[in-house]
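*Asks:* One predicted model, sequence on top.
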Amino acid sequence: MGLVGLGLFLYFVQRAGIGEVVGGIQRLGWVFAIVVALGGVRFLLRAAAWMRCLDTPHGLTLGQLFQAVVVGDALGNLTPLSIVVGEPAKGAFLREQAPLARTLPALALENLFYTLSAILVIVGGLVTTLLTFQISEQLWLTTTVTVMVMVGLVATAHWIIWTDARVASTALRWLQNRRVVPVPVELLASTVERLERRVHTLYPRSVAQLVPLGVLEAMFHVVAVTEIYLILLVLSDQPPTLLAAFIFESTNRFISFAFRFVPLRMGVDEAGSGMFADLLAFGTTTGVTLAIIRKGRILTWIGIGVTIVIRRGLTVNQMLSTSGPRKTAAVVIMARSPVGGAPPKTRLAPVIPKADDRRRLYTGFLHDIIRGCRSLDGVSLRIAHAPGGDTSAFVDMDVDPSELLAQHGDDLGERERSVFHTLFAAGFEKVVMVGSDLPTLPMDHIRRALDELDPGTNRVVLGPAEDGGYYLMALARRGGGADVPDLFSGIRWSTAETLSDTAAAATREGLDVRLVPTWHDVDDEAGLARLCRELTDPALRARAPTTAATLAELTSLSDRPSPYSS
């Protein structure tokens with residue numbers, strides 16, 4: 001296919017005249033920089049639309065999403081697989097900042113709305129062309145059928161989501177029940193159903209949600225029309241019109257959809273632009289030159305995308321692999337499921353008497369500590385869950401099942417030691433363990449703990465809690481094995497002596513003890529009152545948005561002090 005595209009490219013360049021095409025490119029000069037900048041604006045608009053589709057709080061910045069869009073577009077343009085590679089690559093690029101379970105459903109939703117906007121542009125261009133020019137019946141019929149099929153597919157996709165129909169997962173189970181597929185697909189069907197549920201939940205269903213998203217997608221095409229108008233203004237002796245630029249853009253959208261499998265749309269873009277340039281009386285040379293200039297803009301952004309990947313220290317295989325680049329450090333959150341089992345945070349019952357309210361608050365704690373830990377570069381996340389409870393609650397927080405591990409042991413010490421042993425056996429060189437009731441914990445404390453460790457060193461890093469315990473413990477794997485020093489025997493747990501007992505155990509084990517700054521967890525009424533006071537600070541509220549939103553409902557916390565602050 002690439003050779004056919006190259007042959008078509010060379011044919012149309014020769015037909016247009018190599019000298020004329022080169023002269024047109026030279027005439028563009030510094031305006032090409034504006035063309036490249038407009039390409040960047042289009043990426044930025046798609047990134048902003050993607051952000052509108054993400055559920056909040058997501059912790060991602062527009063700059064991060066912009067880089068992901070550039071990288072994904074670059075990889076999609078370089079391969080015949082196009083969106084099969086390019087779109088997942090956008091989510092994979094952000095894997096360290098947000099799980100794929102969060103980014104990909106939002107990306108799929110943004111693509112649905114982008115496709116809808118592009119089809120409207122294609123239909124508008126087709127109607128304008130049919131009303132303005134005489135074209136062959138065969139071309140008219142082929143284009144109309146293709147556009148109608150695209151309209152039907154996109155309309156069906158939106159209808160499925162709007163009606164909350166679980167088509168994909170239902171189809172998988174139907175195939176399995178009728179033995180059409182030879183292997184069980186229940187796990188795949190459950191995963192697909194979870195993604196369907198996420199997309200359906202994110203789908204905007206109000207005018208207030210739809211309008212900003214629609215404006216962003218429309219602006220993408222406005223910028224594209226502006227780019228074409230600017231190029232024609234420089235290249236052509238015939239003054240261009242916005243209508244002509246719009247027809248060119250609709251043609252470009254159609255070619256992009258119909259020939260996604262052709263890398264860089266090599267040849268077909270030149271053919272389509274040359275044909276419509278003739279139709280619009282600009283001449284084949286202008287159309288072919290326009291297509292080549294746009295290809296130059298694409299190649300420039302491909303170079304930028306590849307540079308971004310290289311600067312991140314990634315390879316394409318690493319980014320697109322199911323496991324991502326290998327990470328040698330892990331941060332593990334000791335948690336319990338907020339759903340099922342005994343209600344969490346029982347010591348908060350005097351001030352939050354309803355068990356369901358305490359479950360909601362604890363869910364907020366988990367959302368925020370997980371979100372914070374995901375912001376740490378080069379660190380894998382693990383959730384070590386206590387026995388009992390429904391682990392699907394963690395999946396609903398965008399925790400991948402592979403990030404879950406069960407706690408084992410009769411007491412807290414045995415469970416902590418078991419978690420360290422499991423993670424060292426899995427190959428991690430550094431492990432930082434933190435509690436789950438630390439919604440405002442500065443991530444710098446975890447980073448400092450990691451910086452204190454070197455693989456093989458006899459050192460333990462502790463984060464002192466204000467109540468005499470510790471909220472953080474960090475260890476490095478010793479001697480290349482999974483052995484864990486005994487820091488857990490004879491400890492007076494949940495007392496003011498927990499930290500000092502642990503430090504004494506470290507000394508007996510020959511470990512050097514290092515400390516990171518003291519912090520506080522939320523265990524009782526005093527801890528909750530302190531948290532409420534903290535969350536009146538906008539900076540801390542931004543660090544724990546889910547907790548702040550939950551407390552705003554439970555304690556009427558907004559921009560004024562909580563009732564618990566007195």
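*Replies:* Cool, the structure landed.
*Asks:* Can you name every helix or strand that the strand or helix carrying Gly39 contacts?
*Replies:* Following DSSP states H and E, one finds Gly39 within helix 31-53. On a contact count with 3 or more C-beta pairs under 8 Å, 6 or more residues apart in numbering; DSSP states H and E, helix 31-53 meets helix 62-78, helix 100-132, helix 207-235, helix 284-311. Where you see a C-beta, it was placed from the backbone N, CA and C, and this is true even at glycine.
*Asks:* Go again with 10 Å.
*Replies:* helix 18-28, helix 62-78, helix 83-93, helix 100-132, helix 186-202, helix 207-235, helix 284-311 (3 or more C-beta pairs under 10 Å, 6 or more residues apart in numbering; DSSP states H and E).
*Asks:* Those: lowest mean pLDDT?
*Replies:* Here these differ in mean pLDDT, and the lowest is helix 18-28 at a mean of 65.
*Asks:* Tell me, how many residues neighbour the nearest residue to Pro99 once chain neighbours are set aside?
*Replies:* Distances taken as C-beta to C-beta, 6 or more residues apart in numbering place Asp398 nearest to Pro99, at 4.6 Å, with adjacent residues excluded. The burial count assigned to Asp398 is 22, neighbours taken as other C-beta atoms under 10 Å.
*Asks:* what distance separates the helix or strand hosting Cys532 from the centre of its chain?
*Replies:* Under the criterion of DSSP H and E, Cys532 resides in helix 525-534. Distance of helix 525-534 from the chain centroid (C-alpha atoms, centre = their mean, to the nearest Å) equals 33 Å.
*Asks:* do the same with stretch 438-458
*Replies:* On C-alpha atoms, centre = their mean, the centre of stretch 438-458 falls 25 Å from the chain's centre.
*Asks:* Can you give me the end-to-end span of that stretch?
*Replies:* End-to-end distance for stretch 438-458: 27 Å, by C-alpha to C-alpha, to the nearest Å.
*Asks:* Look at Val522 and tell me its secondary structure.
*Replies:* For Val522, the secondary structure call by DSSP: H, G, I helix; E, B strand; the rest coil comes out as coil.
*Asks:* Surely it and Leu535 touch.
*Replies:* No - Val522 is not in contact with Leu535 according to C-beta atoms under 10 Å; the separation is 11.1 Å.
*Asks:* For Met443, which residues are in contact?
*Replies:* For Met443, the contacting residues are Val331, Ile369, Arg371, Gly372, Cys373, Arg374, Ser375, Leu376, Val379, Arg543, by C-beta atoms under 10 Å, 6 or more residues apart in numbering.
*Asks:* For it, give its distance to Val379.
*Replies:* Met443 is 10 Å from Val379, where distance means C-beta to C-beta, to the nearest Å.
*Asks:* Need the residues touching each of the two.
*Replies:* Taking C-beta under 10 Å, 6+ apart as the criterion, Met443 and Val379 both touch Val331, Cys373.
*Asks:* In a markdown table, list the helices and strands packed on helix 31-53 along with mean neighbour count and distance to Ala49.
*Replies:* Output for the helices and strands packed on helix 31-53, formatted as a markdown table (neighbours: other C-beta atoms under 10 Å; distance: least, C-beta to C-beta, whole Å):
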| stretch | mean neighbour count | distance to Ala49 |
| --- | --- | --- |
| helix 18-28 | 14 | 29 |
| helix 62-78 | 22 | 9 |
| helix 83-93 | 21 | 12 |
| helix 100-132 | 20 | 5 |
| helix 186-202 | 17 | 13 |
| helix 207-235 | 18 | 4 |
| helix 284-311 | 20 | 18 |
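*Asks:* now these in JSON lines, with distance to Val516?
*Replies:* Output for these, formatted as JSON lines (distance: least, C-beta to C-beta, whole Å):
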{"stretch": "helix 18-28", "distance to Val516": "56"}
{"stretch": "helix 62-78", "distance to Val516": "27"}
{"stretch": "helix 83-93", "distance to Val516": "30"}
{"stretch": "helix 100-132", "distance to Val516": "29"}
{"stretch": "helix 186-202", "distance to Val516": "35"}
{"stretch": "helix 207-235", "distance to Val516": "41"}
{"stretch": "helix 284-311", "distance to Val516": "29"}
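*Asks:* out of the ones you listed, which comes closest to Leu515?
*Replies:* For Leu515, the closest of the helices and strands packed on helix 31-53 is helix 62-78, at 32.4 Å, according to C-beta to C-beta.
*Asks:* Please name every helix or strand in contact with that closest one.
*Replies:* Looks like helix 62-78 contacts helix 31-53, helix 83-93, helix 100-132, helix 284-311, helix 316-320 (3+ C-beta pairs under 10 Å, 6+ apart).
*Asks:* sorry, back to before: nearest to Ala384 among the helices and strands packed on helix 31-53 would be which one?
*Replies:* Closest to Ala384 of the helices and strands packed on helix 31-53 is helix 100-132 (C-beta to C-beta; 19.2 Å).
*Asks:* Which helix or strand lies directly C-terminal to that closest one?
*Replies:* helix 137-162.
*Asks:* Just the angle for that following helix relative to helix 100-132, thanks.
*Replies:* Counting by axes from the mean of the first three to the mean of the last three C-alpha atoms, to 10 degrees, helix 137-162 lies at 150 degrees to helix 100-132.
*Asks:* Check which residues of stretch 496-507 are buried.
*Replies:* Buried residues in stretch 496-507, counting neighbours by 16 or more other C-beta atoms under 10 Å, are found at Thr498, Leu499, Asp501, Thr502, Ala503, Ala505, Ala506.
*Asks:* Repeat that for stretch 394-414.
*Replies:* Per 16+ other C-beta under 10 Å, stretch 394-414 contains these buried residues: Phe394, Val395, Met397, Asp398, Val399, Glu403, Leu404, Leu405, Gln407, Leu412, Gly413.
*Asks:* Which residue, other than its chain neighbours, is closest to the residue nearest to the spatial centre of the chain?
*Replies:* Note on the chain: the residue nearest the mean C-alpha position is Thr103, at 3.1 Å, using C-alpha atoms, centre = their mean. Using C-beta to C-beta, 6+ apart and skipping residues adjacent in sequence, the residue nearest Thr103 is Gly91, 4.1 Å away.
*Asks:* correct me, but the one you found touches Glu110?
*Replies:* No - using C-beta under 10 Å, Gly91 makes no contact with Glu110, being 11.4 Å away.
*Asks:* Between these two, which contacts overlap?
*Replies:* In contact with both Gly91 and Glu110: Trp50, using C-beta under 10 Å, 6+ apart.
*Asks:* if we can go back for a sec, and the helix holding Cys532, what's buried?
*Replies:* So for helix 525-534, counting by 16+ other C-beta under 10 Å, buried means Gly527, Leu528, Ala529, Arg530, Leu531, Cys532, Arg533, Glu534.
*Asks:* residues touching the residue nearest to Thr103, list them.
*Replies:* Taking C-beta under 10 Å, 6+ apart, we find Gly91 in contact with 50, 68, 72, 98-108, 319.
*Asks:* Next up, phi/psi of Gly463, please.
*Replies:* phi -110, psi 100 (degrees, to the nearest 10).
*Asks:* Could you verify my assumption that it touches Val513?
*Replies:* No - using C-beta under 10 Å, Gly463 is not in contact with Val513; the gap is 11.7 Å.
*Asks:* Can you work out which residues contact both of those two?
*Replies:* Joint contacts of Gly463 and Val513 (C-beta under 10 Å, 6+ apart) are Leu499.
*Asks:* of the two, who's got more company?
*Replies:* More crowded of Gly463 and Val513, by other C-beta under 10 Å: Gly463, with 26 against 16.
*Asks:* one step back: and the buried residues of stretch 394-414, which of them are in helices?
*Replies:* Those of the buried residues of stretch 394-414 mapping onto helices are Phe394, Val395, Leu412, Gly413, per DSSP state H.
*Asks:* can you give me the helices for the stretch 251-400 of the chain?
*Replies:* Using DSSP state H, counting those that start in this stretch, the helices of the stretch 251-400 of the chain run over 268-279, 284-311, 316-320, 355-374, 392-395.
*Asks:* Looks to me like Ala474 is in a strand.
*Replies:* Yes - Ala474 forms part of a strand when assessed by three-state DSSP.
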